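A.B. asks: predicted structure and sequence below. I'll ask about it afterward.
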Amino acid sequence: MLKNSAKIRIQNKNILMMSMKGPKSNAKNKKSHMEYFSLFFNDSVISIITKSTNIKIQVIQNKYSRERGAKETDETEIRAVIIYVKIIRIGKGNRNRKKCKNKTPRWSW
């Protein structure tokens with residue numbers, strides 16, 4: 001143990017400046033979960049994911065004897081899957097907590 005503990009000045013670069021909590025810029029005016037979702041996955045991103053998924057489906061489509069075995073997808077299904085996976089992830093996060101004060105899902109990524 002140190003008998004005479006010297007006071008050491010912490011450098012400014014090592015101090016984190018805390019700002020106002022809450023959404024910033026574009027997210028500030030959003031009212032619904034879908035509006036927040038659209039900040040991360042806008043229409044062009046969903047379109048790219050849909051096209052890429054359909055290309056992969058076309059590659060494996062001949063392995064299935066029935067048409068319903070590998071049907072092409074659309075943007076609505078892609079959005080639904082992404083949201084579903086996010087909700088499942090939120091549920092797993094809540095299970096690990098001892099006390100969960102806020103039962104509503106958080107849409108933070």
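C.D. replies: Okay, I see it.
A.B. asks: tell me which stretches of this protein form strands.
C.D. replies: With DSSP state E as the definition, the chain shows no strands.
A.B. asks: where does the prediction get shaky in this protein?
C.D. replies: 1-6, 10-20, 22-23, 90-109 (pLDDT under 70).
A.B. asks: helices of that one, start to end?
C.D. replies: Ranges of helices in the chain, per DSSP state H, are 33-40, 43-60, 75-95.
A.B. asks: the closest residue to Ile83 other than its chain neighbours: how many residues sit nearby?
C.D. replies: Distances taken as CB to CB, 6 or more residues apart in numbering place Phe37 nearest to Ile83, at 6.8 Å, with adjacent residues excluded. The way it works is simple: take the backbone N, C-alpha and C, and place the C-beta from them, glycine included. With neighbours defined by other CB atoms under 10 Å, the count for Phe37 comes to 18.
A.B. asks: quick one: which of the helices of the chain is nearest Lys7?
C.D. replies: helix 75-95 (40.5 Å; CB to CB).
A.B. asks: related to what we said a few turns ago, export the helices of the chain to JSON lines and append columns for distance to Lys7.
C.D. replies: Shown next, in JSON lines, are these (distance: least, CB to CB, whole Å):
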{"stretch": "helix 33-40", "distance to Lys7": "45"}
{"stretch": "helix 43-60", "distance to Lys7": "51"}
{"stretch": "helix 75-95", "distance to Lys7": "40"}
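A.B. asks: what's the closest of the ones you listed to Ile8?
C.D. replies: Using CB to CB, the nearest of those to Ile8 is helix 75-95, at 37.8 Å.
A.B. asks: burial measure for Glu67, as a count.
C.D. replies: 8.
A.B. asks: can you check the one 10 residues further on too?
C.D. replies: Counted with other CB under 10 Å, the burial measure for Glu77 works out to 13 neighbours.
A.B. asks: kindly report the same for Ile78.
C.D. replies: Using other CB under 10 Å, Ile78 has 20 neighbouring residues.
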